[in-house]
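Asks: A predicted structure for the sequence below; I have some questions about it.
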Amino acid sequence: MSSKRTSEASDDFAEIRDGVRALCAKFPGEYWRALDRERAYPTEFVAALTEAGYLAALIPEEYGGSGLGIRAAAAILEEVQASGCNGAACHAQMYTMGTILRHGSDEQKATYLPDIAAGGLRLQAFGVTEPTSGTDTLSLRTTARREGDHYVINGQKIWTSRAEHSDLMLLLARTTPKEQAKKRTEGLSVFLVDMRLAQGTSISINPIRTMMNHATTQVFFDDLRVPAENLIGEEGQGFRYILSGMNAERILIAAECIGDAKWFINKASVYAKERSLFGRPIGQNQGVQFPIARAYAQMRAAELMVREAARLYEAGKDIGAEANMAKLLAADASWAAADMCVQTHGGFGFAEEYDVERKFRETRLYQVAPISTNMILSYLAEHVIGLPRSY
Ligand SMILES: Cc1cc2nc3c(=O)[nH]c(=O)nc-3n(C[C@H](O)[C@H](O)[C@H](O)COP(=O)(O)OP(=O)(O)OC[C@H]3O[C@@H](n4cnc5c(N)ncnc54)[C@H](O)[C@@H]3O)c2cc1C
């Protein structure tokens, strides 16, 4: 997309965007295709982003990060996706630390944040989802039982992405049985688990092969002993802490979807100008132009909501509704653009070497994770529109 309007929309954080684009140019389609075939982790790409400091954007300067706001972080991830790369390999390194920052003790912040900012310590595994409870987080079954100055953890997580490429995991576990908790939302606690010490003994990690290259896993805890000092905040309040980090995650993933949509629109428009049939470029046919134009309009509308959510987040407002709408609309825009891009390419949309089918598989995830579309709609229906509670 070389249009004037797109650059108008993207001219904030121009220096950061240029820097990310230059870095991403070193990781072209062939790099991602080769990894995709093997379902291998993009180690070099993640190292380059880490070294350039982009993954420490949200860590305050006093702990060695850049101290930037969420709008800048969103610009970084958007550019990664718009360049054809895949930030899912490491986006959680940016925001998982937010739980320590907001709810950890001064000692925990001083112990972990500087090493996370420097990239020597990876905190990019987030263990919430379980096979039996799924979206119903309050029904999770992993337990943490206090024994002296330790907690003993037993249970199982699923879809714990990047666990094999992370030193620490932020884990949500039940510390008070559901029926004994004072409130429905109490009784869960958050722990910072050091996986380096326990892998292969009390922690085992099984990779799950998925339709895209995502480094996601299943994690089993068998009498894992975690020092009590690794509890974040107050025991029993973990659900609240996890929820408070979700708005940031939704905005950042929405920004990635906007980046994906831009990639698809650009890819389709370049191809539509180049591919010539019946003596003229296919892009001269309105039947080919209109879906591209529609995807563009849908992306721009979603982008405005993402920007609005990020702006309100930085202003410290309660943005449950905006963060959810940003995620919903941006994921829909990227998926619509992906479908349009395959159609514009005809048969070549299915060929590996065009990267369209890879990005198509990658962006499909965001209809489901980190929160599925239905859950967003039910949040809006109940909490914004005032319809009766459905679950
Ligand atoms: C590749 C990948 C990576 C992931 N990474 C992580 C991670 O790092 N950490 C982590 O903790 N989790 C992770 N997840 C989990 C992800 O957040 C969940 O898959 C998602 O929240 C949906 O939960 P579920 O798969 O259990 O689906 P379920 O909860 O079983 O739901 C199945 C379907 O039913 C719908 N549904 C359920 N209840 C209702 C209802 N009451 N009303 C209407 N519709 C309903 C859902 O919307 C969904 O479409 C990842 C998932 C994937 C696929």
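Replies: Noted; the coordinates are in hand.
Asks: from here on, contacts and neighbour counts on C-alpha atoms
Replies: Fine.
Asks: would you mind pulling the contact partners of the longest strand along the chain?
Replies: Using DSSP state E, we find that the single longest strand of the chain is strand 216-227. The contact list for strand 216-227, computed with Cα atoms under 8 Å, 6 or more residues apart in numbering, reads 149-164, 193, 198, 201-210.
Asks: ChimeraX command to pick out the buried ones of these?
Replies: To isolate the buried ones among those in ChimeraX, judged by 16 or more other Cα atoms under 10 Å, type:
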select :150,151,152,153,154,155,156,157,158,159,160,161,162,163,164,193,198,202,203,204,205,207
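Asks: contacting the ligand as well, which ones from the contacts of strand 216-227?
Replies: Counting by Cα under 6 Å from any ligand atom, 159, 160, 161 from these sit close to the ligand.
Asks: secondary structure class for the residue of the chain found nearest the ligand?
Replies: Residue nearest to the ligand within the chain: residue 134 (2.9 Å; Cα to the nearest ligand atom). Three-state assignment for residue 134 (DSSP: H, G, I helix; E, B strand; the rest coil): coil.
Asks: please name the nearest non-neighbouring residue to it.
Replies: residue 140 (8.0 Å; Cα to Cα, 6 or more residues apart in numbering).
Asks: so where do the helices sit in the protein?
Replies: Using DSSP state H, the helices of the chain run over 4-9, 14-24, 29-38, 43-51, 70-82, 91-95, 98-103, 106-118, 238-274, 286-314, 320-345, 356-364, 373-379.
Asks: burial check on the closest residue to residue 50 other than its chain neighbours, number of neighbours?
Replies: Residue nearest to residue 50 in three dimensions, not counting chain neighbours: residue 119, with 5.9 Å by Cα to Cα, 6+ apart. Residue 119 is flanked by 18 other residues according to other Cα atoms under 10 Å.
Asks: now residue 251
Replies: When neighbours are counted by other Cα under 10 Å, residue 251 comes out with 29.
Asks: distance check, the residue located most distally from the centre of the chain against residue 137.
Replies: Most distant from the centre of the chain: residue 279, at 43.9 Å, with distances by Cα atoms, centre = their mean. Distance, residue 279 to residue 137, using Cα to Cα, to the nearest Å: 57 Å.
Asks: do residue 108 as well
Replies: As judged by Cα to Cα, residue 108 and residue 137 stand 26 Å apart.
Asks: do the same with residue 334
Replies: 27 Å.
Asks: follow-up on the earlier one: ok now the longest strand of the chain, how far from the chain's centre?
Replies: Put simply, strand 216-227 sits 22 Å off its chain's centre (Cα atoms, centre = their mean, to the nearest Å).
Asks: pull out the buried residues from stretch 214-231.
Replies: 214-228, 230-231.
Asks: which parts of the stretch 251-391 of the chain sit against the ligand?
Replies: By Cα under 6 Å from any ligand atom, the residues of the stretch 251-391 of the chain that approach the ligand are 368, 369, 370, 371, 372, 373, 374, 375, 391.
Asks: of those residues, select the buried ones using a PyMOL command.
Replies: The PyMOL selection below is limited to those of those classed as buried (16+ other Cα under 10 Å):
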select buried, resi 371+373
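Asks: a markdown table for the residues of the stretch 251-391 of the chain next to the ligand, including distance to residue 252 and pLDDT?
Replies: Listed next are those as a markdown table, based on distance: Cα to Cα, whole Å; pLDDT from 0 to 100:
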| residue | distance to residue 252 | pLDDT |
| --- | --- | --- |
| 368 | 15 | 98 |
| 369 | 13 | 97 |
| 370 | 11 | 96 |
| 371 | 13 | 95 |
| 372 | 15 | 96 |
| 373 | 16 | 96 |
| 374 | 19 | 97 |
| 375 | 18 | 97 |
| 391 | 27 | 91 |
